[in-house]
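3D model of this:
(2 chains)
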Amino acid sequence: MTATITAPPETPVRKTGRPKQNREAIFLFLPALLPVLLLSVYPLIRGIALGFTDARAGLNVDTSFVGFDNFAKLLQNDLFWSSFRIGVIWTLSVTILQFVAALGLALLLNTDIKFRGVARTLALIPWAMPPVVVAIMWRLLLHPTNGPVNEVLQTLNLTDQPVNFLGDFGTALPAVIVVGIWVGMPMTTVTLLAGLQGIDRSLYEAAAVDGAGVWSQFWNITLPQLKTVIVAITSLDLIWNFNSFGLVYVLTAGGPGGKTMLPMLFAYNEAFRYGNFGMAAAMGDVMVVIIIVFLAFYLRNRLRSQA
Amino acid sequence: MRTRPVARTLQYAAVVCYLVFLAFPLLWLLSSSLKSPREFAGITPSLLPKDVDLGNYSDALSEQGLVRGLMNSLQISIASTILVLVVSLPVAYALARFRSRLRPVTNGWILVSQVFPVILIVIPLFMILRPLHLTNTIPGVVIVYMVWSMPFALWMLQGYVAAVPRELEEAASVDGAGRLRTIVSIVMPLLRPGLIATAMFTFISAWNEFFFALVLLQDPELKTLPLVLARFVGAEGQVQFGPLAAASVLATVPSLVFFAFLQRRLTSGLLSGAVKG
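As a prediction, this is how the structure comes out:
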């Protein structure tokens, strides 16, 4: 009985739809809203703002606004610049090499080759591993006396003395980059493979009829067709690699002599070893600006050349 | 496409190189975890342990800190996974079903949260949680994980919800079921595979997480497994390789098991954005 009475006034509301939908949507958002605002949105804004203050660790420390002081200090800090340079070398090398390696693997996995299943599963395992475990594993592999890598090099007479890969000034950064490639390959490979599988077979057939070889098919069909996927995954890789922390922290902790001191490690030390919250946040600000500028530049170029 | 024999050979050579590069580190870790201390002292390391020795595993498990770390990690990962699902499901539903103005805002937030270096977030987080007495506590880490694994959970769940046919819900509402009732008895059962996949993903990311835990947990009693393992690395020389390798293998098992379940789903197009549930 009550249903028949309440039903009619509801009909017009349902017809317009929007206001009711919005109200319902807000209701569904509510449980997530407070935690996200408090622990994500607010910290993001506060984090950016902290870069303009002299905040320090400690419970009752006065914090005051210092304008661009932190950034002026950073400009004159040689250690920051060198960390920054290392960060760029690391990010570009890992992203580019990882992309080339992953593209090769994805192309192979996309053929009718044997061991495809094994290779695909293996390619995914590094993804599931905790970064700390990956770092420990590579420390064992690269160990100067007990590691197999040195053993192989010595057997092949490529070196007469064990190389302390993670401890020598010259080899530490390249070694860390190799580990970075190993870790990041799965995600990139799987994404590229998904892209490859989405390419229309008939394109290749048409090209083959026109007499295009494998190489020309790759340049004229595969790469152009994959462009969107490539741009997406390399952008993500650039961001992730530039912001990466745990792996190198456990591998070398930034050593030897700061040779692998990525910007994130540098900022972490500044904040939690020396307690300079404001300074560390300023470094974070610089990193955000760099990422945004770089991405804007990269995406604009890529997308323009696509048109 | 026909492939010439030379090209075939090159392809196989390349596959073998990839397999070695990808698999050798894993095999080495596994074999190290099975080697006896005597074998580690030997001059030439070999890939296959001479005799399989499970002593490293029992050594690792008898280590106080390690077992505690394992329990802490389990607690934190399970709690944050449940919370993420409870909080994200309604939001994902709203994102997939309503053209609300909150949609672009949420998607913007998901993007921004991926781009920002965590250092910018962790300092204010630390400053917010400290006066609430939540630094150095398990609940503190759980809520932080909840919020920071939400972007990915939302992204996944949104796709799964969108794959549930709208007509089913309309049918239910014609039959007089309210929105909540529809979600619980129509959408949820159909979403089960998607929910399980999202849960596994969230669990893995919490289980593997290092940075937030490093900053937020100082008390040795509360440290998670990755933190405990990382501390062993610092004390190299004193720490033996065998038990460290064994502990590393143990720490990888939960993620790997879940991942084995997820693999099919992953390769079948989740990443290309075409989620079919």
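
how about low-confidence regions in chain B?
The model of chain B has pLDDT under 70 over residues B:1-3, B:41-45, B:234-239, B:263-277.

actually the stretch 1-150 of chain A, sorry about that
Across the stretch 1-150 of chain A, residues meeting the criterion (pLDDT under 70) sit at A:1-22, A:59-61.

helices of that one, start to end?
Assigned by DSSP state H, counting those that start in this stretch, the stretch 1-150 of chain A shows helices spanning A:2-16, A:18-36, A:42-50, A:69-76, A:78-109, A:116-128, A:131-141, A:148-155.

now the stretch 151-300 of chain A
Per DSSP H, counting those that start in this stretch, the stretch 151-300 of chain A carries helices over the ranges A:172-197, A:201-209, A:214-217, A:223-242, A:246-251, A:263-268, A:277-306.

let's have those helices in a markdown table, adding mean pLDDT and mean neighbour count.
To be clear about C-beta, it is placed using only N, CA and C from the backbone, and glycine gets the same treatment. As requested, the helices of the stretch 151-300 of chain A are exported to a markdown table (pLDDT from 0 to 100; neighbours: other CB atoms under 10 Å in any protein chain shown):
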| stretch | mean pLDDT | mean neighbour count |
| --- | --- | --- |
| helix A:172-197 | 90 | 22 |
| helix A:201-209 | 87 | 12 |
| helix A:214-217 | 85 | 13 |
| helix A:223-242 | 88 | 18 |
| helix A:246-251 | 91 | 24 |
| helix A:263-268 | 92 | 25 |
| helix A:277-306 | 83 | 17 |
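
rewinding a little: which one of the helices of the stretch 1-150 of chain A is the most hemmed in?
Comparing these by mean neighbour count (mean count of other CB atoms under 10 Å in any protein chain shown), helix A:131-141 comes out on top with a mean of 25.

and chain B, is that one touching that?
Yes: judged by CB under 8 Å from any CB of the partner chain, helix A:131-141 and chain B are in contact via A:P131, A:V132, A:V133, A:A135, A:I136, A:M137, A:W138, A:R139, A:L140, A:L141.

just the C-alphas of that helix, formatted as PDB.
The C-alpha coordinates for helix A:131-141 follow below in PDB (Å, rounded to 0.1, in the frame of the first residue of the first chain):
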ATOM      1  CA  PRO A 131      62.600  -5.300  -4.100                       C
ATOM      2  CA  VAL A 132      64.600  -6.000  -0.900                       C
ATOM      3  CA  VAL A 133      64.800  -9.700  -1.900                       C
ATOM      4  CA  VAL A 134      65.900  -8.700  -5.400                       C
ATOM      5  CA  ALA A 135      68.600  -6.600  -3.900                       C
ATOM      6  CA  ILE A 136      69.800  -9.400  -1.600                       C
ATOM      7  CA  MET A 137      69.800 -11.800  -4.500                       C
ATOM      8  CA  TRP A 138      72.000  -9.600  -6.700                       C
ATOM      9  CA  ARG A 139      74.300  -8.900  -3.800                       C
ATOM     10  CA  LEU A 140      74.900 -12.600  -3.700                       C
ATOM     11  CA  LEU A 141      75.400 -12.800  -7.500                       C
END
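
just the residues contacting it, thanks.
Helix A:131-141 has contacts (CB atoms under 8 Å, 6 or more residues apart in numbering or on different chains) with A:126, A:129, A:146-149, A:166, A:179, A:182-183, A:246-251, B:24-26, B:28-29, B:32, B:208, B:210, B:226, B:229-230, B:233, B:236, B:241, B:244-245, B:248, B:251-252.

which residues touch B:E63?
B:P243, B:A247.

gap between A:I199 and chain B?
Distance, A:I199 to chain B, using CB to the nearest CB, to the nearest Å: 11 Å.
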